[in-house]
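**Student:** have a look at this prediction, sequence included:
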Amino acid sequence: MRYQRIDNNKIEIQPEGMHIRDMLLTIAEVSYKTAIPRGLGFRQPYIHLVKNTPDFQDCIETQGGQPVMLLMDYINGRDCRTKVFQARDEKWYLDSYAFQQRKVTSQEFIQGIVRDSADKFLDKVVQEIESQGGN
């Protein structure tokens with residue numbers, strides 16, 4: 001997998017022979033592992049029973065059996081804010097603007113403060129894929 005920043009709002013992701021579902025599942029796993037608790041997320045285990053490991057398949061939307069989007073917002077109280085989608089041009093993109101807001105408060109968001117890097121996140125995804133023997 002490789003990626004290339006298109007603009008401030010999106011990054012093109014190139015699977016390079018990797019199965020799309022496997023790529024999306026790896027992105028989802030890294031997103032979950034790197035997300036921090038937000039709001040009442042730090043209290044969520046006490047509010048109701050939380051699954052130890054979410055089923056990331058539930059985050060993948062399909063059309064005709066084919067993946068078209070990975071959509072993650074809050075999962076087990078973690079602020080994932082990860083959206084990877086297939087656009088009309090058949091290419092895959094990460095919504096980097098939404099992702100980069102994961103570690104800011106609502107007040108910081110209004111002020112336009114960005115604290116996380118979608119590029120560094122995708123570097124971690126590439127490292128994870130390479131450690132699994134992928135592209």
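**Tutor:** All right, it came through fine.
**Student:** name the SS class of the residue sitting nearest the centre point of the chain, please.
**Tutor:** By C-alpha atoms, centre = their mean, the chain has its centre lying nearest to Thr82, at 3.1 Å. Under the three-state scheme (DSSP: H, G, I helix; E, B strand; the rest coil), Thr82 adopts strand.
**Student:** beta-bridge partners for it, please?
**Tutor:** Met72 (DSSP bridges).
**Student:** and it, how far from Gly64?
**Tutor:** According to C-beta to C-beta, to the nearest Å, Thr82 and Gly64 sit 23 Å apart. The C-beta positions use only the backbone N, C-alpha and C, and glycine is treated the same way.
**Student:** buried residues in stretch 10-26?
**Tutor:** In terms of neighbour count (16 or more other C-beta atoms under 10 Å), stretch 10-26 has its buried residues at Lys10, Ile11, Ile13, Pro15, Met18, Ile20, Asp22, Met23, Leu24, Leu25, Thr26.
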